[in-house]
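Chemist: Sequence and predicted structure are below.
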Amino acid sequence: MFNLSEFQDTDSADVVIKHPATGAPTEAVVTVAGPEHPKRKAIVFDRQRKLRRHLTKTGKLEFTDPAEEEVEETDLLAVCTLGWSGIAVDGKEVPYSREAAAKLYADPALRWFRAQVKAALEEKELFIKPSSKN
């Protein structure tokens, strides 16, 4: 029998950033909000509410502009980034802030960094840990 209570969802997880060319782990670590984190749930639920209001009002599903979607995704990534360590640009350490995260995720030269963090947010297993009840 598989005991479900041996595991629990966690609010956040640390993601080790990998070298973009070799895939080797680096010293850079980004802490991201899991699906159950209040900040992440708030932004996701807000977007769902907007879509539902529009659909209820017009009866039509409306697609947003791709440029607008990119801005929304950047905002989601920034909100879901709770902190980091070992992040530098041009040899200078970048202190964590939501604004700094948004700036890095919006930088076209750093799409590989954005892609790694985005992929981590979708990795459900990253946000499951053994229960302390064991």
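Modeler: Alright, I've got the coordinates.
Chemist: alpha carbons only for contacts and neighbour counts from here, please
Modeler: Will do.
Chemist: Just the mean pLDDT for the lengthiest strand in the chain, thanks.
Modeler: Longest strand in the chain by number of residues, with DSSP state E as the criterion: strand 25-33. The average pLDDT within strand 25-33 is 98.
Chemist: ok, residues contacting it?
Modeler: 11-19, 39-40, 80-87, 117, 120-121 (Cα atoms under 8 Å, 6 or more residues apart in numbering).
Chemist: Show me which of these are buried.
Modeler: 11-18, 39-40, 80-84, 87, 117, 120-121 (16 or more other Cα atoms under 10 Å).
Chemist: Looking at the residues you listed, which are in helices?
Modeler: Mapping those onto helices (DSSP state H) picks out 39, 40, 80, 117, 120, 121.
Chemist: Pretty sure the first one sits against residue 78.
Modeler: Which is residue 39. No. Look at residue 39 against residue 78 with Cα atoms under 8 Å: they stay out of range, at 10.6 Å.
Chemist: For stretch 86-102, buried residues please.
Modeler: Quick answer for stretch 86-102 (16+ other Cα under 10 Å): 87, 94, 101, 102.
Chemist: again but with stretch 17-30, I slipped
Modeler: In stretch 17-30, counting by 16+ other Cα under 10 Å, buried: 17, 18, 29, 30.
Chemist: And stretch 53-60, by the same measure?
Modeler: Of all the residues in stretch 53-60, not one is buried under the rule 16+ other Cα under 10 Å.
Chemist: what about it, average pLDDT?
Modeler: With pLDDT averaged residue by residue, stretch 53-60 scores 76.
Chemist: and that stretch, C-alpha only, in CSV?
Modeler: Below are the C-alpha coordinates for stretch 53-60, written out as CSV (Å, rounded to 0.1, in the frame of the first residue of the first chain):
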residue,chain,number,x,y,z
ARG,A,53,-15.3,37.9,-16.3
HIS,A,54,-14.5,38.7,-20.0
LEU,A,55,-16.0,35.4,-21.1
THR,A,56,-19.1,35.9,-19.0
LYS,A,57,-19.6,39.4,-20.3
THR,A,58,-18.9,38.8,-24.0
GLY,A,59,-19.4,35.0,-24.4
LYS,A,60,-16.2,35.0,-26.5
